[in-house]
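>>> Just the structure for this:
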Amino acid sequence: MSWPILLRRWLILTAGALGTLLVLAVALGAALEAGYFRAPLIRAIASRVGRSIEVDGDLRLHLFSLHPQVIAERVTIGNPSWVPPGTTAVIGRLSFALQLPWIHRPLGIETLDIKEATLTLSRDGAGLANWQWMDPRVPDNTLLPLVRRLSMPDARVLLKDDTRHLDFDGMLTEFEPKSAEGPPPVRIEGAGQLNGRPARFGIDGDPLATAEHTKPYRFKFEEQSSGSRIIGSGALPRPFDFRLIDAVFTAAGPNLDDLYFLTGVRLINTGPYRLAGTVARRGNKTRFTELEASSGRSDARGSASVDSSSDRPQLDIDLRSETLRTADLGARAAGLERGAERWLISDAALNPRAWRRDDAVATLRARRLEVGSIALQDVAAALTVDHGLLTVDQLTGHVWDGALSAHVRANLTTDDPADSLDLKLSNLNLERYAPHGADQPPLKGLLQARVLAKGRGRSLHEFASHADGTLSAALPHGAIRTALADLAGFDLRAIGLFADKHGPETAVRCGVASFQAHDGTLAAQTLVLDTEQVLILGEGSIHMDSEAIDLTLRAHPKRPGLRIRSPALVRGTLLHPSLAMRPRDVVAQTAAAVTLGVLLTPLASALAFVDPGLSKDADCGALMQEDKATKGD
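Reported below is the predicted structural model:
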């Protein structure tokens, strides 16, 4: 058989086959439009999108068009396979028209209309969500179909996001404002309860009709809840893949902790604040840079990153500050506590549950840290959180020309965390400390101290109120100045501190304070102040739950003719100490004038308990032995 004849037969057979397929396609399309093969069609679509689909109402198809259209009523869409079984959406009426692929044009969606919808959206701590198009654990660069026009009026949204700790129940409205020229931009608004507080948000985006896979999709956003407001702008480098986001933002409000109700991130209480920065998300990794925060006279700047690719998100934080003030932080700064300050030691509480969700590594550097009236310089700290165990291995700084170093442990796996503290203070120059109302420092000398304590609690005050440990401090050499007598408001010759009322100062040979703590009560083990005129020995206790002082000082004169019969009673609190003298029935009092009060106040502000083996000075060691012998007599 000749080649032309074979070719003609092959062309005839091919044309017949194509004609038959065309007829079958037309017949199938007509059958589908007529409602036949409904169940197989739904199963095929469900298999293609990887989700179960049920259509309890009408299903209509218009296939013979440049934009084939599907209309379905009472549609239920289930969760994908990578999350637990459940329902993603219940839709009263769903309609969409396809944009068929062509040269350099992928498959798209010309219109998408969703009415009477309830969306139940969820994401677990590992970042697996039921709204994701593909399994995020499987690398995939498939371009998502672009939607050219979207309508979804009055949709109810129920969102539970364990990754960002968000719970939302509200209404979502989408509409495209009329535009006199060109395609209309996108406007999406929503309102409801976000993390238990009323919230509103809005998003403005580029027109959907002009969106392209080859250029970023730009948008602006605004969120508001509990007085805090976030505004910003950004872009989706690959529309509409929300795994990739670049944005800048600014937040402001009366209390930084209120951002929890917008972001799901538990922060700290502050007064009025401002926070700004940039954010870049790449899959499960999010990085915040150029962060700048301020509240009161406090400031901070730096960067932070979150890696949520595992079951426990990993945080990496690096912050630095020119000035940080404890007065700008905590419930009192936020106006949540009224009245005068009750405690010297801070009662600002941690939220252990917030620290259990994530693991973290953080560094902090502050040029100046103000703790009450005490200013620390060049503070640096390194913090880690590993499965709820918080560790501060390196905390250093300078105070009053001396050095501070500390190690902290806290087990935050329970709501009543177990804590430990090792704090050292060396060569603190007491001439740098002048109490309110004093023209000059009442003491001079270099103070040495150490804190060793274990306890439980969510705040420093709660920890101190239940702690066991030791506190000791030593002043190997120094002087008590007449400024102390002036501040006290009475003549300290009553306890022999000044032989001459007009003398400038009395030399201190040694001062030692050593306390043993049990369940928050500090019992004085050694309390000695040795001056040229008198040896003062003390006893008693300090109750850290109330910060109440109950100490007695007894003077032993060194010079003939100086007789002191009445003890000095130290009372009041660490915040407001007082001294009571009882020569016969006369009582003289002051609030912050007693030598021990001046000595303990800066220590208590750092916390409370110290190791008695601190001082190696020979005279101080002898004084400790003399103190024990005197008490024994």
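
>>> what sits against Asp358?
By Cβ atoms under 8 Å, 6 or more residues apart in numbering, the contact set of Asp358 is 306, 312-315, 385. (Each C-beta comes from the backbone N, C-alpha and C, glycine too.)

>>> This protein: helices as residue ranges?
Counting by DSSP state H, the chain has these helices, from start to end: 3-33, 38-49, 260-263, 352-356, 460-465, 482-488, 595-606, 618-632.

>>> sorry, back to before: and the contacts of Asp358, which of them are buried?
Buried subset of those (neighbour count, 16 or more other Cβ atoms under 10 Å): 306, 312-315, 385.

>>> In terms of distance to Arg450, which of those ranks first?
Arg450 lies nearest to Val385 out of the buried ones among the contacts of Asp358, by Cβ to Cβ, at 26.1 Å.

>>> Point to the residue nearest the middle of this structure.
Nearest to the mean C-alpha position of the chain, counting by Cα atoms, centre = their mean, stands Leu267 at 3.0 Å.

>>> from memory that residue sits against Ala251, does it?
No: using Cβ atoms under 8 Å as the test, Leu267 is too far from Ala251 to be in contact (10.5 Å).

>>> Find residues that contact each of those two.
Taking Cβ under 8 Å, 6+ apart as the contact rule, Leu267 and Ala251 both touch Leu259.

>>> quick revisit: which members of the buried ones among the contacts of Asp358 occur in strands, if any?
With DSSP state E as the criterion, strands contain 306, 314-315, 385 from among these.

>>> May I see the buried residues of stretch 216-232?
Applying a neighbour-count criterion of 16+ other Cβ under 10 Å, one finds 216-217, 219, 221, 223-226, 228-230, 232 buried in stretch 216-232.

>>> so how far is that stretch from its chain's centroid?
Distance of stretch 216-232 from its chain centroid, counting by Cα atoms, centre = their mean, to the nearest Å, is 20 Å.

>>> swap in stretch 425-435?
33 Å.

>>> Which residues does the longest strand belonging to the chain contact?
Counting residues, the longest strand found in the chain (DSSP E) is strand 108-123. Residues outside strand 108-123 that contact it (Cβ under 8 Å, 6+ apart) are 67, 83, 86-99, 129-131, 145-164, 172.

>>> Apply 6 Å and report the result again.
67, 87, 89-97, 99, 129-131, 145-152, 155-161, 163 (Cβ atoms under 6 Å, 6 or more residues apart in numbering).

>>> how about low-confidence regions in the stretch 351-500 of the chain?
When residues are selected by pLDDT under 70, those of the stretch 351-500 of the chain lie in 435-439, 481-500.

>>> how near is Leu98 to Pro207?
Distance, Leu98 to Pro207, using Cβ to Cβ, to the nearest Å: 20 Å.

>>> More neighbours: the two, which one.
Neighbours were counted for Leu98 and for Pro207 using other Cβ atoms under 10 Å; Leu98 has more, 18 against 15.

>>> Tell me who's in contact with that one.
Pro68.

>>> Looking at it now. What's its pLDDT?
The model reports Leu98 with a pLDDT of 82.

>>> Please determine how far it is located from Leu350.
The spacing between Leu98 and Leu350, counted by Cβ to Cβ, is 54 Å.

>>> now do Asp422
19 Å.

>>> What's the end-to-end length of stretch 345-356?
25 Å (Cα to Cα, to the nearest Å).

>>> Contacts for that stretch, please.
Residues from elsewhere that reach stretch 345-356, judged by Cβ under 6 Å, 6+ apart: 266, 330, 385, 388, 412, 415, 417, 458-461, 464.

>>> Recalculate using a threshold of 7 Å.
Residues outside stretch 345-356 that contact it (Cβ atoms under 7 Å, 6 or more residues apart in numbering) are 266, 326, 329-331, 385, 388, 390, 412-415, 417, 458-462, 464, 604, 607.

>>> got it, and stretch 296-306?
With contact meaning Cβ under 7 Å, 6+ apart, stretch 296-306 is reached by 271, 285-289, 291-293, 313, 315-325, 328, 333.

>>> and what of stretch 198-213?
Contact partners of stretch 198-213, identified using Cβ under 7 Å, 6+ apart, comprise 143, 146-150, 183-192, 217-225, 239, 261-262.

>>> that older thread, distance from the longest strand of the chain to the middle of the chain?
34 Å.

>>> Could you do stretch 68-86 as well?
The chain centre lies 38 Å from the centre of stretch 68-86; the measure is Cα atoms, centre = their mean.

>>> how is this structure carved up into domains?
Structural domains annotated on the chain: 33-132+144-163, 394-633, as defined by automatic domain parsing.

>>> which of those domains is buried the deepest?
domain 394-633 (a mean of 19; mean count of other Cβ atoms under 10 Å).

>>> Please tell me how far the closest residue to Trp343 other than its chain neighbours sits from Ile374.
Setting aside the residues directly before and after it, Trp343 is nearest to His461 in space (Cβ to Cβ, 6 or more residues apart in numbering), at 5.1 Å. According to Cβ to Cβ, His461 stands 17 Å off from Ile374.

>>> And Ala568, by the same measure?
Using Cβ to Cβ, we find Ala568 at a distance of 26 Å from Ile374.

>>> Likewise for Leu107?
Using Cβ to Cβ, one gets 67 Å for the distance from Leu107 to Ile374.

>>> Please name the residues that touch the spatially closest residue to Pro85 that is not a sequence neighbour.
Nearest residue to Pro85, sequence neighbours excluded (Cβ to Cβ, 6+ apart): Asn79, at 6.0 Å. By Cβ under 7 Å, 6+ apart, the residues touching Asn79 are 51, 85-88, 130.

>>> quick one on the thing from earlier: which ones among the contacts of strand 108-123 map onto strands?
Per DSSP E, those map to strands at 87, 89-97, 99, 150-151, 155-161.
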